[in-house]
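Participant: dropping the sequence and predicted coords here.
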Amino acid sequence: MIQALRSLRSLRSLGAAVAAASVVACGQAANAELPEPDDIESYYDYEGDLQAEVSGNVALITVSQPREQLARGGPLWAKVGPYVILFTEETQRLLLDHPGLAGVRVVTRVEGGADVASALLPRDELSSVQWRRALNIAGQARRDGTKRVTLLEDLVRWGEEHTQFEYHPDHTRAR
């Protein structure tokens with residue numbers, strides 16, 4: 001009889017633990033909601049064509065890159081495209097505001113054409129110190145990259161170290 005009471009108490013404790021875990025899990029699920037595409041787009045102030053969608057639990061941002069820019073800048077400008085958008089305060093804020101996102105992928109496309117490059121930044125890839133460094137590198141590249149090409153090269157190197165990236169060979173082959 002005493003053993004049966006202990007078993008019953010254990011079952012009640014187990015039930016209470018499961019109920020508590022369910023409440024916690026539901027709370028986390030509410031916080032893990034994914035943003036709508038319009039919400040993602042609202043984070044970015046981009047002069048060109050920018051479209052967003054959610055693929056699984058990844059924000060997918062597609063931007064157009066002018067053909068003239070690719071013709072003028074060659075393989076380097078093709079590679080740097082995703083990183084100019086990815087390493088921004090907007091992306092950092094998007095990840096902070098939406099804990100359900102596993103990462104952000106930026107895809108650059110030739111206006112009206114094929115993909116040029118893509119880079120996926122996983123949520124936990126950058127520490128707060130690394131985010132500051134990323135924002136600094138990307139900001140300098142955006143501001144002075146046309147005058148100092150090495151800044152664009154630095155951004156590409158940083159991006160390749162911290163993302164999963166792909167470049168279309170038609171746009172990134174050395175000429």
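Facilitator: In hand now; what should we look at? Numbers count the residues shown, from 1 in each chain.
Participant: tell me the domain ranges of the chain?
Facilitator: In terms of domains, the chain is parsed into 1-31, 37-172 (source: automatic domain parsing).
Participant: of those, flag the one that's most buried.
Facilitator: Counting by mean count of other C-beta atoms under 10 Å, domain 37-172 has the highest mean neighbour count of the domains of the chain, with a mean of 17. For glycine as for every other residue, the C-beta is placed from the backbone atoms N, C-alpha and C.
Participant: and the end-to-end length of it?
Facilitator: Start-to-end span of domain 37-172 (C-alpha to C-alpha, to the nearest Å) is 29 Å.
Participant: swap in stretch 110-130?
Facilitator: End to end - C-alpha to C-alpha - stretch 110-130 spans 30 Å.
Participant: re earlier: among the domains of the chain, which gets the worst mean confidence?
Facilitator: Of all these, the minimum mean pLDDT falls on domain 1-31 (a mean of 42).
Participant: what's the closest non-adjacent residue to the most centrally placed residue in the chain?
Facilitator: Nearest to the mean C-alpha position of the chain, by C-alpha atoms, centre = their mean, lies V104 at 1.8 Å. Nearest non-adjacent residue to V104, counting by C-beta to C-beta, 6 or more residues apart in numbering: A59, 4.7 Å away.
Participant: now do the helices in the protein.
Facilitator: For the chain, the helices defined by DSSP state H occupy 2-31, 37-43, 67-86, 89-97, 128-144, 149-162, 169-172.
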